[in-house]
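Q: Here is the input, now give the coordinates:
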Amino acid sequence: KVSGGDDEIQQLQKALLDYLDENTEIDASLVFSRKFYVAQWFRDTTMETEKAIKSQKDEESSEGTHHAKDVETTGQIMHRAESRKKFLRSIIKTAPSQFSTLKMNSDTVDYEDACLIVRYLASMRPFAQSFDIYLTQ
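A: Prediction:
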């Protein structure tokens, strides 16, 4: 279960990273997987922020006027991106063996749950969201 309040994606990411950390002794390749996910999520956050700011600048230049609503939205986008980046930086700075101290307040994630989390997080990626369009074309 994901409790409300915090960013649910971030909670799922924490759960997945915790699962990977717990099983690194069984499979050493999970260390690479953990680093890959952190790097990919950091890159995704940066790209989403750049796209959102670019689209707002394009809207602003096409309208010719500057609205306070756009500034507030840009601020919200930047705040959300910075909070996600801060979370990912804390994960990068934390050694894998110390990551267990950052666990969620829930039961541990098993293999099936980890697979479900990976599928859900992958479905949020742009390619997965546009896959139906590619099949239709």
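Q: which is the next helix or strand following the worst-scoring helix or strand of the chain on mean pLDDT?
A: Counting by mean pLDDT, DSSP states H and E, the chain has its least confident helix or strand at helix 126-129, which shows a mean of 70. On the C-terminal side of helix 126-129, the nearest following helix or strand under DSSP states H and E is helix 131-136.
Q: Quick check: mean pLDDT of the strand or helix carrying Val38?
A: Val38 is part of helix 29-63 when elements are defined by DSSP H and E. Mean pLDDT, computed over helix 29-63, is 85.
Q: Which residues are in contact with the nearest residue to Met78 once chain neighbours are set aside?
A: Excluding the flanking residues, the one nearest Met78 by CB to CB, 6 or more residues apart in numbering is Thr49, at 6.9 Å. (Each C-beta comes from the backbone N, C-alpha and C, glycine too.) Contacts for Thr49 were tallied using CB atoms under 8 Å, 6 or more residues apart in numbering; they are Ile77, Met78, Ala81.
Q: ok, those residues vs Phe42, which is closest?
A: For the contacts of Thr49, the closest approach to Phe42 (CB to CB) belongs to Ala81, at 10.2 Å.
Q: Let me know the helix or strand that that closest one is in.
A: Going by DSSP H and E, Ala81 is part of helix 68-93.
Q: Show me what that helix is packed up against.
A: Applying 3 or more CB pairs under 8 Å, 6 or more residues apart in numbering; DSSP states H and E, we find helix 68-93 packed against helix 8-22, helix 29-63.
Q: any idea which of these is most buried?
A: Of the helices and strands packed on helix 68-93, the one with the most neighbours on average (mean count of other CB atoms under 10 Å) is helix 8-22, at a mean of 19.
Q: what angle do it and helix 68-93 make?
A: 10 degrees (axes from the mean of the first three to the mean of the last three CA atoms, to 10 degrees).
Q: Pick out the residue nearest the middle of this protein.
A: In the chain, the centroid-proximal residue (CA atoms, centre = their mean) is Trp41; its distance is 4.7 Å.
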